[in-house]
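Participant: model this:
(2 chains)
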Amino acid sequence: MSGLKPGPVLKHLGQTKLELGPVGPGDGPWRRGEADGIVWLVFDRADTSVNTVSRDVIEALAAELNALERDTPRAVVIRSGKPAGFAAGADITGFDEMSVDGAADLLRQGHDVLDRLAALKCPTICVVHGAALGAGFEIALACDWRIAVEGASFAFPEVKLGLHPGLGGTFRLPALIDPTEAMTLMLTGKTAHTDKAKKLGIADVVTEERHVRAAVDAVVAGDVERNSRGLKARAFGIGYARTLAARQMRSETEKKAPKEQYPAPHALIDLWEEHGDDRGAMQKGEVESFANLLKTDTSKNLRRVFFLRQGLKDAARGDDGIAHVHVIGAGAMGAEIAAWAALKGKTVTLSDVELEPLGKAVKQAREVCKGQHLSGPETRDALDRLMPDPNGYGVARADLVIEAAPEKTELKEKIYAGLAERMKAGAVLTSNTSSLRLTDLRDGVADSSHFAGLHFFNPVSKMQLIEVVRHDGTDDDVIDRLAAFCGTIDRLPIRVTDYPGFLVNRALTPYLMEAMVLMDDGVEKEEIDAAAIKFGMPIGPVALSDQVGLDICLHVAESLKSNLEKPMPEISARLREKVEAGDTGKKAGQGFYDWSDGTPHPEATGNGPDDLTDRLILPMLDACVECLRKGVARNVDEVDGAMIFATGFAPFRGGPLHYASARGFDAVRDRLAELEDRHGPRFAPDPGWQDL
Amino acid sequence: MTRPVYLVDGARTPFRKAQGKPGAFTPVDLAVQCGRPLLARQPFHSRALDLVILGCVNVIQDEMNPARVAALRLGLGAEMVAFTVQINCGSGMQSIDTAYRYVKDGSHDMILAGGAEALSHAPLVLRQSAVEWFGDMAQAKGPAAQAKAMAGLRPEFFKPVVGLERGLTDPITTLNMGQTAEVLAHRFGIDRKAADTYAMQSHRRLARAQKEGWLDEEVMPAFDEDGTVHDHDDGVRPDSDMAGLAKPKPAFERPYGKVTAGNASQITDGASWVIVASEAAVERHGLKPLARIVDSEWAALDPAVMGLAPVLAATPIAQRQKLALDDLDLWEINEAFAAQVLACVAAWDDEAFCREVLGLDGAFGRIDRDRLNIDGGAISMGHPVGASGNRIVLHLANALKRQGKTRGIATECIGGGLGGAMMLEVA
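Facilitator: Below is the predicted model of the structure:
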């Protein structure tokens, strides 16, 4: 991302046109052209800006192959006609239907087509620009040569959908490159960007778009040397070597994706260990394993998560009209919000009453850039866009002001009063408050129709969700612009109303507080956290509280307790003591855990109560039902998406309400009633359960 | 009828002492650090500017034409014309002067004019003998020739020369800049005590200005990537006294010289910008200018006495504008060396000098110390060569406004035997 916007000359010249050889305009999915004895096949599905690989794409490719087998040219070039990239993988909208019946048959047909492409008697050259994902990558692998246009990337993200590659990737990639590197790519879903792809041997040639024609000619003329694989591949022809490597892969994978919750990577390791030296058996095994995985709940739920993300993204479309963002308060959150917005191309000013936090914010921004693998010049540009602004000059220029000051009503009111005269007409003022009500803050705002909540989650660079909060006087247009703003900085917005804790903290707080009640009852924190992790949470509630900051937890808990009709768990005296002692969690190096040596990894001790997990999880589900009933969020999908993208709620369970539905709404309600009898009214099921 | 030209606003970085290794900022980094807040506080969009001019003497390899690099990094857009000017120590004023002339001739409306210098980034340079050896090695064909070339290797090739040292030596007279100040001290009878007294005042004046908040609008904190905030000119020694200043040995001509590290300007990094605008631009954007640029002048003289150049550059302005000494409320004379500033003051007060060299009827008069460099100067805050000329013009405008005064001249000596001067009147 260059910081420089194109000027009139570059605008006039437009984007570099894709080199499509002799292929002219026409209908997809494959357009054919021939010149100098070389056939070009351009992959260009109709009515979409991104290619995906579906059944009709494969069938149309088969028809092209019929002709190519009959009358074989000097060479075949395959590339995408979409400026966006090569292909985003298989069209997963068809997966549900496929999983019911005939998945294996359909896959075998696909394999047959790619085998025929691989067997063509002339050189086949795949030109890849942008991303070649999943099935797109597999088409590229079925070609003899791969020319990567600078910026091209290759990945098998199937594992993120509870699957592994299913169109030959599991044997074609390990045959092409170092098998351990191939397995790592498939097991993690990580992307091989251009340089890495060249280094690994995925790409034979790396060039710029302007030289694609010359690169193709060079390959056809035999002037390009193949990027060959090393000795290691042969070593893994021996079963014993594979078994050793597989053992290592299993233990690594288990740490991040336990087999019980995420079966796909484990299935892939099994497959490779058993058949890594036998292409035919590997192919047969891949088809069967993929068909089996399609039917697992994990895959279904992860596919649901994919669509939940799409849904939230769709709700972030539109023009935000926001070029300049002014952030007030350079604490951990304000600094990271500012850094993230600058990294994503906004002009940002960040103010604070002290200079020191502004300095720290610049350092933090540099770390965020590093975490996002920005190059030196990209980091420089991002930091140039982020101006520490002790004098608050940015207020008058900002299209959006984000107040991220400490959670004190009087302080925020004072800040808002200072902004009134200085903000531009039409600019939007937002608060990143997590515990105060907008309704209580809006009286201090000059134009409350342009006032809303923009609630980020920590750390902003990792947590994708932002709650866009309206009070009952916020303009609809303002909410649309804020949602679009979230889209422009590559985050997912959920529109919620001004409710205590909004959606996410309303649902999360009982979970955190219950953990503290359990600790007060004598249950070890490690046991509590291990139970939550076993359920599928990325981190246990005690460690999460430390991470969020115990002071913030206490503030949110107190605010919810006094604002909600429903009873909340008693606030633990130990929490207050910790906050008073300054042991506020990760940021202080000490909270419930000692963070001085990094993130703790709790081990289960095995002496928690039987209802431990339900006591933690069910109040979260109940709060989600309450928020739905009260109209805090719009629908089940958005609630589930929000909880997954803000808290990491066990993705393989498809979200809290989807989990409740899978377990049975009645069963969950009954269980809550049972817990109510045993532990008190804080577990009383919400009346909303009966409407689900 | 000439068009009025305004100095609208300006800002600079703190001037930070070179610490013996490259500082946190390159020249363009410095220009960006103070350019961003300056532009952020303007009521106009920065695309309303139509030119960027930056003075910079020691351009680093990664930032050829630093003006253009700075313009792009400041977000001024692909279409912003930008060029760098260089007249050694006068570069930061040359940028303003060029802007002033462009606006006066009606071809431009609003120009960002600055100066930037990171003396701590001055490169280590290979000796000429070493460069020649490298050349011979590269050209040597075959083992015999290579062995012969290799034999020419000498240990001193690995002893690089600090580029800055060479930059501060006049190539014609081979005098170091400090030596030119020694010449002036001798010719005008400036003793060590007078120079040290002047230096002490410079430190105390800057310290007072910092304490009183007189620099708050002018000096913008700079933030480096490691999280350090650079918020003030750190060369200042508020407790500077005569006893302390008496300690250092002469820096350039031992053992009898008068010029020491204590009474010479400091080696620092810094940048400064001003916005120069036409009357039309001022009206269009509703600007409140600090001052009007009335006149400017460049002068040249013998390199060995380059320090007297302010006298030669400023006097023609006074003559053209028909101003006597008393008509000029404030002076900024860049403090390259205390002895050099004092020599200028002495020259103006010398009847023979004024008559014979300046063509005046008698002595111009003695500039009151209370009108001269009232908030300190390069001795206390340092002299980032390409930036200083810009700073003195900006500070003169701010000081006139603060004191409710009418007019003043900012002027500097320039290594090589040149001088620049610019006259302002409050707007």
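
Participant: report the backbone C-alpha coordinates of stretch B:316-336 in PDB.
Facilitator: Extracted in PDB, the C-alpha atoms of stretch B:316-336 (Å, rounded to 0.1, in the frame of the first residue of the first chain):
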ATOM      1  CA  PRO B 316      21.500  47.800   1.500                       C
ATOM      2  CA  ILE B 317      18.000  47.000   2.800                       C
ATOM      3  CA  ALA B 318      18.200  49.700   5.400                       C
ATOM      4  CA  GLN B 319      19.400  52.100   2.600                       C
ATOM      5  CA  ARG B 320      16.700  51.100   0.200                       C
ATOM      6  CA  GLN B 321      14.000  51.300   2.800                       C
ATOM      7  CA  LYS B 322      15.500  54.500   4.200                       C
ATOM      8  CA  LEU B 323      15.700  53.200   7.700                       C
ATOM      9  CA  ALA B 324      18.000  54.400  10.400                       C
ATOM     10  CA  LEU B 325      19.300  52.100  13.200                       C
ATOM     11  CA  ASP B 326      16.500  53.100  15.500                       C
ATOM     12  CA  ASP B 327      13.800  52.200  12.900                       C
ATOM     13  CA  LEU B 328      14.700  48.600  13.200                       C
ATOM     14  CA  ASP B 329      13.100  47.200  16.400                       C
ATOM     15  CA  LEU B 330      14.600  43.700  16.400                       C
ATOM     16  CA  TRP B 331      17.500  41.900  14.800                       C
ATOM     17  CA  GLU B 332      18.200  38.200  14.300                       C
ATOM     18  CA  ILE B 333      21.800  37.700  13.400                       C
ATOM     19  CA  ASN B 334      22.600  34.000  13.200                       C
ATOM     20  CA  GLU B 335      25.100  33.100  15.900                       C
ATOM     21  CA  ALA B 336      27.600  31.200  14.000                       C
END
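
Participant: next, the buried residues of it.
Facilitator: Across stretch B:316-336, burial judged by 16 or more other CB atoms under 10 Å in any protein chain shown covers B:316-318, B:323, B:325, B:328-336. All C-beta spots, glycine's among them, are computed from the backbone N, C-alpha and C.

Participant: which one is the closest residue to chain A within the stretch 151-300 of chain B nearest to, not counting chain neighbours?
Facilitator: In the stretch 151-300 of chain B, the residue that lies nearest chain A is B:Gly227 (3.2 Å; CB to the nearest CB). Of all residues not flanking B:Gly227 in the chain, A:Lys363 sits nearest, at 3.2 Å (CB to CB, 6 or more residues apart in numbering or on different chains).

Participant: isn't the one you found up against B:Glu225?
Facilitator: Yes - under the criterion of CB atoms under 8 Å, A:Lys363 makes contact with B:Glu225 at 6.7 Å.

Participant: any stretches of the chain with poor pLDDT?
Facilitator: In the absence of a named chain, chain A is used. A:1-3, A:228-234 (pLDDT under 70).

Participant: chain B, not that one
Facilitator: Residue ranges of chain B with pLDDT under 70: B:1, B:160-162.

Participant: quick check: residues of chain A near chain B?
Facilitator: Residues of chain A lying near chain B by CB under 8 Å from any CB of the partner chain: A:3-10, A:347, A:349, A:355-356, A:358-360, A:362-364, A:366, A:380-381, A:383-385, A:387-391, A:393-394, A:396-397.

Participant: out of those residues, name the ones that lie in strands.
Facilitator: When these are checked against strands (DSSP state E), the matches are A:347, A:349, A:387-388.

Participant: reformat those residues as a markdown table; add neighbour count.
Facilitator: As requested, these are arranged in a markdown table below (neighbours: other CB atoms under 10 Å in any protein chain shown):
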| residue | neighbour count |
| --- | --- |
| A:Thr347 | 23 |
| A:Thr349 | 28 |
| A:Met387 | 27 |
| A:Pro388 | 29 |
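
Participant: that older thread, which one of the buried residues of stretch B:316-336 sits closest to chain A?
Facilitator: B:Glu332 (24.8 Å).

Participant: which bits of chain B sit near chain A?
Facilitator: Counting by CB under 8 Å from any CB, the residues of chain B that sit close to chain A are B:32, B:36-37, B:40-41, B:43, B:72-75, B:77-79, B:221, B:223-229, B:231.

Participant: and the nearest residue to A:Pro541 once chain neighbours are set aside, how many residues sit next to it?
Facilitator: In space, and not counting its chain neighbours, A:Pro541 is closest to A:Ala515: 3.7 Å by CB to CB, 6+ apart. A total of 28 residues lie near A:Ala515 under the criterion other CB atoms under 10 Å in any protein chain shown.

Participant: what residues sit buried inside the strand or helix carrying A:Ala515?
Facilitator: Assigned by DSSP states H and E, A:Ala515 belongs to helix A:504-520. Within helix A:504-520, the residues that count as buried by 16+ other CB under 10 Å are A:504-519.

Participant: show me how far stretch A:22-32 is from its chain's centre.
Facilitator: For stretch A:22-32, the separation from the chain centroid amounts to 34 Å (computed by CA atoms, centre = their mean, to the nearest Å).

Participant: what sits up against that stretch?
Facilitator: With CB atoms under 8 Å, 6 or more residues apart in numbering or on different chains as the test, stretch A:22-32 has contacts from A:33-35, A:39-46, A:51, A:56-57, A:60-61, A:64, A:81.

Participant: contacting residues for A:Met186?
Facilitator: Contacts of A:Met186 (CB under 8 Å, 6+ apart): A:156, A:158-159, A:164-165, A:169-170, A:173, A:265, A:268.

Participant: got a quick PyMOL command for the buried subset of the residues of chain A next to chain B?
Facilitator: In PyMOL, this line selects whichever of the residues of chain A next to chain B come out buried by 16+ other CB under 10 Å:
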select buried, chain A and resi 3+347+349+355+358+359+360+362+363+364+366+380+381+383+384+385+387+388+389+390+393+394+396+397
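
Participant: and A:Arg79, what element?
Facilitator: Assigned by DSSP H and E, A:Arg79 falls in strand A:75-80.

Participant: now for A:Ser448, how many residues are close by?
Facilitator: There are 19 residues near A:Ser448, going by other CB under 10 Å.

Participant: swap that for A:Ser661, sorry
Facilitator: Neighbourhood size, A:Ser661 [other CB under 10 Å]: 16.

Participant: skipping its backbone neighbours, what lies nearest the most centrally placed residue in chain A in space?
Facilitator: The structure's chain A has its C-alpha centroid closest to A:Gln464; by CA atoms, centre = their mean the separation is 6.8 Å. Leaving out its chain neighbours, the residue that sits closest to A:Gln464 by CB to CB, 6+ apart is A:Phe645, at 4.4 Å.

Participant: surely the one you found touches A:Leu312?
Facilitator: Yes - at 7.2 Å, A:Phe645 counts as touching A:Leu312 under the criterion of CB under 8 Å.

Participant: what is in contact with those two at once?
Facilitator: Taking CB under 8 Å, 6+ apart as the contact criterion, the common neighbours of A:Phe645 and A:Leu312 are A:465, A:492.

Participant: mind telling me what element the residue of chain B positioned farthest from its centre is part of?
Facilitator: Here the centre of chain B is the reference, and by CA atoms, centre = their mean the most remote residue is B:Ala144, at 52.4 Å. Element membership for B:Ala144, per DSSP H and E: helix B:142-150.

Participant: roughly how far is that helix from the heart of the chain?
Facilitator: That offset, for helix B:142-150, works out to 48 Å (CA atoms, centre = their mean).

Participant: buried residues of that helix, list them for me.
Facilitator: Quick answer for helix B:142-150 (16+ other CB under 10 Å): B:Ala149.

Participant: on that earlier part again, helix, strand, or coil at the residue nearest to A:Gln464?
Facilitator: For A:Phe645, the assignment made with DSSP: H, G, I helix; E, B strand; the rest coil gives helix.

Participant: dump the residue contacts of it.
Facilitator: Per CB under 8 Å, 6+ apart, neighbours of A:Phe645: A:309, A:312, A:463-465, A:492.

Participant: run the last query once more with 7 Å
Facilitator: For A:Phe645, the contact set (CB atoms under 7 Å, 6 or more residues apart in numbering or on different chains) comprises A:464-465, A:492.
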